[in-house]
Every structure is written in structure tokens, then in C-alpha cells.
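**Q** sequence and computational prediction follow.
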Amino acid sequence: MSASGGIAVENVRRSFGRVEAVRDVTLRAEPGRVTGLVGPNGSGKTTLLLLLASLLAPDAGSIRLDGVDPVTEPARARALLGWMPDTLGAWPTLTVRETLVVTGRLYDLPSTAARERAEMLLDDVGLGHLADSPARVLSRGQKQRLALARALVHDPRILLLDEPASGLDPQARIELRLLLRRLAVDGRTILLSSHVLSELEEVVDDAVFLVEGRTVAADRVAQAAGRGRAWRIRLLPSTDAAPASPPDADDRARVAAALGRAPEDLSVDRRDVLAPFASDAEAARALQALIGAGLDVTEFAPATGDLEHTFLDLRGGAE
């Protein structure tokens, strides 16, 4: 396997007794980019992250973190990476600030450097006002932010994040996204998992799709947007219709006529007419046709996000 930077995984397997948690995973996560692990619960995402964090050893295959093998050189690997599990195990007697300082000292940071790093990270994750509160009393979202700060305390080049947005409110999710983008621009390799595809789509550059412990594809998010999918078309209701009423057969017929299609090629979902397009460029031309035909279009958007659409297609093909 190449010893280039970032994360490289090749044909990795891991079982627990008769249960094959990771059956065959191959992936690359590049420095300077945010890579998402996409898959439903039970697809092997957390087990894979534990393998990368050197907390489990693979049964077969190879792993490299900036060229370091976490199986044969776990100490070197752990110095390179920041690990954020999906739940924070906080020391019950320590404050938020003390948690970060102690973590820094465990990574051999001098006392002054550990305190300075803790103060900086408290600001970065928005926990400065809770610095002297016991970590055990934090809310779920606050613990997630502390877990991220703890993963960053030794300034790692690789970040492994398991469900980092879980429990965060909308504002905190925006702040997390901005922080991860800033870390990626600085050249770090970031691999994060989530089963909530809308959360991943907001932040990732690349995606690795897992189904039943196997990688079924890897993709650039920008490329995923270019593939065909259904789009929602919502028309302004007629004056005698209720605002939230579903489109009737006449609405579908008018949309179909504007698009040059048969009405049976379109479907209806709640308040919207659904029309498939082969690409975003075709969808843009369709919108022009709808407006040109005099239709009052109030909403025109993909019926699924880029990652969701790609994942559903891949999962369907794997089954």
C-alpha cells in the first residue's frame, strides 16, 4: 500500500465471533478534504473508525494513517489522530477546562501549552462560558462540542469523528461546519460518519458508501449532483384551493405539457409534482420551460439530496 498522506484502507475485514462487522472496506481520505462515511445504522461505520483509531485490530487488510500502520505502530498513529467517539466519556470530577488541560498533558503538552490550547479550543467550540462547569452536567450537544475540542487538543493532522453533529442545535451545526472547513483548509484529513445524510451533505467534499460492512462506492459530492434524480415542482394553488392542497390531475397535465412529457411520466407527492431529470442541467432547462409556459412555480428543488440519492441508488444495486 502507498505511504502517501491521509487515510488509506485496503480490503479490511473485522469480525466479532460469527458477526462480520466489516466485510471488505477499501477507501481513501485525502488531506485538505472532509470525507463522509455514509451508511445506515449497523453498516460498520463505527467499527471502521475504531479500527482506524487503533482501538481494534483488523482480521485482514491494511490501514495507513499518513503512512503509519496503526497495528504495528499504535503510539505513532495515535499521536497523528484526533478521535471523537459518538459519546463523551467525561471524568466526573473535572470541569470542562480541566478535561481539556488533562487531555493535553496526556499528549505530553507542557502545562502552559496545555492551558493555552484549552482556552483557544473553548472559544472555538463555544464552551467558554461553561469552562468551570463539571463536564458531567453538560447537555448532549455540549458534550459533543467538548468531545470535538478534546480530539483537537494535540493539534492532530487526522480527525476521526463519529456522529459529530448528534445532539447539536441548528446554530451549533453551522459552527461545526465552519470549524471543520477551516480545519480542512489547514491541510488536515477529516473522516466523519453519520447516518443523517443531510448533515453530511452540508460539510463533506467526498463520500464513501458502506452497505453491510462493505464499501460499495466512493464519490465526490460535486459529481453526485450531476446524476439523474426526481425534482419537486410546486405550483401556486388556484384561488379556490386550500394553500396546502395537493396538485390535481390538471396541475400534473399542465406540468407535463410544459415539459413535453406524458402525464403518466410524472408522479404526485403531497403538494408537489415529481419529475425525473437526467442531470441538473436538464432540470435547469425544465424550469425555464415551466416559467415560459406561464406556470406559477413556487418551488423547484431535488426530491432528495445528492448523497441520499446516490446512496439509495447504490443500496438498491447492492441488494
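**A** Now that the structure is in, tell me what you want to look at. Residues are numbered from 1 along each chain as shown.

**Q** for the stretch 101-250 of the chain, which segments are assigned as strands?
**A** Counting by DSSP state E, counting those that start in this stretch, the stretch 101-250 of the chain has strands at residues 158-162, 189-194, 206-211, 214-220, 229-235.

**Q** of those strands, which stretch is the most buried?
**A** Among the strands of the stretch 101-250 of the chain, ranked by average contacts under mean count of other C-beta atoms under 10 Å, first place goes to strand 189-194 (a mean of 26). All C-beta spots, glycine's among them, are computed from the backbone N, C-alpha and C.

**Q** rank the strands of the stretch 101-250 of the chain by pLDDT, which is bottom?
**A** Out of those, strand 214-220 stands lowest, with a mean of 71 (criterion: mean pLDDT).

**Q** find the nearest non-adjacent residue to the residue sitting nearest the centre point of the chain, please.
**A** The structure's the chain has its C-alpha centroid closest to Leu200; by C-alpha atoms, centre = their mean the separation is 2.6 Å. Nearest residue to Leu200, sequence neighbours excluded (C-beta to C-beta, 6 or more residues apart in numbering): Gly36, at 4.1 Å.

**Q** wait, that neighbour touches Ile190, no?
**A** No - look at Gly36 against Ile190 with C-beta atoms under 8 Å: they stay out of range, at 9.3 Å.

**Q** in the protein, which helix or strand is least confident?
**A** helix 221-224 (a mean of 54; mean pLDDT, DSSP states H and E).

**Q** residues in contact with the residue nearest to the centre of the chain?
**A** Leu200 makes contact with Gly36, Val38, Leu192, Ser194, Ala207, Leu307 under the criterion C-beta atoms under 8 Å, 6 or more residues apart in numbering.

**Q** can you give me the helices for this structure?
**A** 45-52, 74-80, 96-106, 111-124, 140-152, 170-185, 197-201, 221-224, 249-259, 280-292, 306-318 (DSSP state H).

**Q** ok and the fifth one relative to strand 158-162, angle-wise?
**A** Orientation check (axes from the mean of the first three to the mean of the last three C-alpha atoms, to 10 degrees): helix 140-152 against strand 158-162 gives 160 degrees.

**Q** what of the third one?
**A** With the same axes, to 10 degrees as the basis, helix 96-106 and strand 158-162 are set at 130 degrees to each other.

**Q** just the CA trace of helix 96-106, in CSV.
**A** Output in CSV follows, covering the C-alpha atoms of helix 96-106 (Å, rounded to 0.1, in the frame of the first residue of the first chain):
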residue,chain,number,x,y,z
VAL,A,96,-14.7,21.4,31.1
ARG,A,97,-11.5,23.3,31.1
GLU,A,98,-9.7,20.7,33.3
THR,A,99,-10.8,18.0,30.9
LEU,A,100,-9.0,19.7,28.0
VAL,A,101,-5.9,20.5,30.1
VAL,A,102,-5.6,17.0,31.4
THR,A,103,-6.0,15.6,27.9
GLY,A,104,-3.3,17.9,26.6
ARG,A,105,-1.0,16.7,29.4
LEU,A,106,-1.7,13.1,28.4
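
**Q** please list the residues outside it that contact it.
**A** With C-beta under 8 Å, 6+ apart as the test, helix 96-106 has contacts from 90-91, 94, 111, 113-115, 117-119, 121-122, 127, 130-135, 138, 146, 149-150, 153-154.

**Q** one step back: just send the strands of the stretch 101-250 of the chain back as CSV, with distance to Asp251 too.
**A** Formatted as CSV, the strands of the stretch 101-250 of the chain follow (distance: least, C-beta to C-beta, whole Å):
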stretch, distance to Asp251
strand 158-162, 44
strand 189-194, 36
strand 206-211, 35
strand 214-220, 35
strand 229-235, 6
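
**Q** follow-up on the earlier one: now the buried members of the contacts of helix 96-106.
**A** 90, 94, 114-115, 117-118, 121-122, 127, 130-131, 134-135, 138, 146, 149-150, 153-154 (16 or more other C-beta atoms under 10 Å).

**Q** what pairs with the residue nearest to Arg28 when sequence neighbours are not counted across the strands?
**A** Of all residues not flanking Arg28 in the chain, Ala8 sits nearest, at 5.7 Å (C-beta to C-beta, 6+ apart). With DSSP bridges as the criterion, Ala8 is bridged to Arg28, Arg64.

**Q** thanks again, I'm all set now.
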